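# With the input below, show me the fold.
(one chain, ligands or ions: 1)
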Amino acid sequence: MTSAALPAPSPTPTVDTAPFWEALTRDTFLLLRCTACATHIWYPRKFCPACHSTEADWVTASGRGRIYSFTVVHRSALPGWAGSTPYVIAYVELDEGPRVLTNVVNGDPEALAIGDPVRVVYSSADEGSALFRFEPAN
Ligand SMILES: [Zn+2]
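You can find the predicted model right below:
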């Protein structure tokens, strides 16, 4: 069974996250990379969790990763989400290292397994913005 389209509310960019959200509208997934120790930083912020440097540059990420953990939601009380069940909430471990909380779409939720390869997909959101999710990359 494939999930219906998920709600896509517009994001609320901040000074630190605006480049990330803007890049999504160009189907580009950016990560910050620490200029001192090369750690990829998630969520977007100019503070390295590994070495505490405040110097980081935006780099284009591969958009690929693997399912680290996930759950299938069959009953949702979230406004606007009840009609989208079943849907998948997952932590995806990016090839660059960080783990991102996301949805896995475009597949059978019951066929997913931890460790499955996934790739980023982009969806339009309100007000000309975009969101990212992941889909199976088998
Ligand atoms: Zn660092």
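
# Show me where this structure dips below the pLDDT cut-off.
1-4 (pLDDT under 70).

# Residue for residue, what is the longest strand it has?
Ordering each strand of the chain by length in residues (DSSP state E) puts strand 64-73 first.

# For it, report the contacting residues that lie outside it.
Outside strand 64-73, the residues within contact range by C-beta atoms under 8 Å, 6 or more residues apart in numbering are 81, 85-95, 99-100, 104, 109-110, 112-120, 134, 137. In this view, the C-beta of every residue, glycine as well, is placed from N, C-alpha and C.

# Given that strand, what are its sheet partners and their directions?
Using DSSP bridges, strand 64-73 pairs in its sheet with strand 87-94 (antiparallel), strand 117-124 (antiparallel).

# what comes up buried for it?
Burial within strand 64-73, assessed by neighbour count using 16 or more other C-beta atoms under 10 Å, is assigned to 64-67, 70, 72-73.

# rewinding a little: make a PyMOL selection of the buried ones in the contacts of strand 64-73.
Entered in PyMOL, the line below selects the buried ones among those, by 16+ other C-beta under 10 Å:
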select buried, resi 86+87+88+90+91+92+93+94+100+104+109+112+116+118+120+134
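
# can you list the residues of the protein near the ion?
Within reach of the ion by C-beta under 5 Å from the ion, the chain has these residues: 34, 36-37, 39, 48, 50-51, 53.

# among those, which are in strands?
Per DSSP E, the residues of the chain next to the ion map to strands at residue 34.

# Can you tell me which of the residues of the chain next to the ion are buried?
The buried subset of these - by 16+ other C-beta under 10 Å - is 34, 39, 48.

# correct me, but the last one touches residue 41?
If I follow you right, that is residue 48. Yes - counting by C-beta atoms under 8 Å, residue 48 does reach residue 41; the two are 6.0 Å apart.
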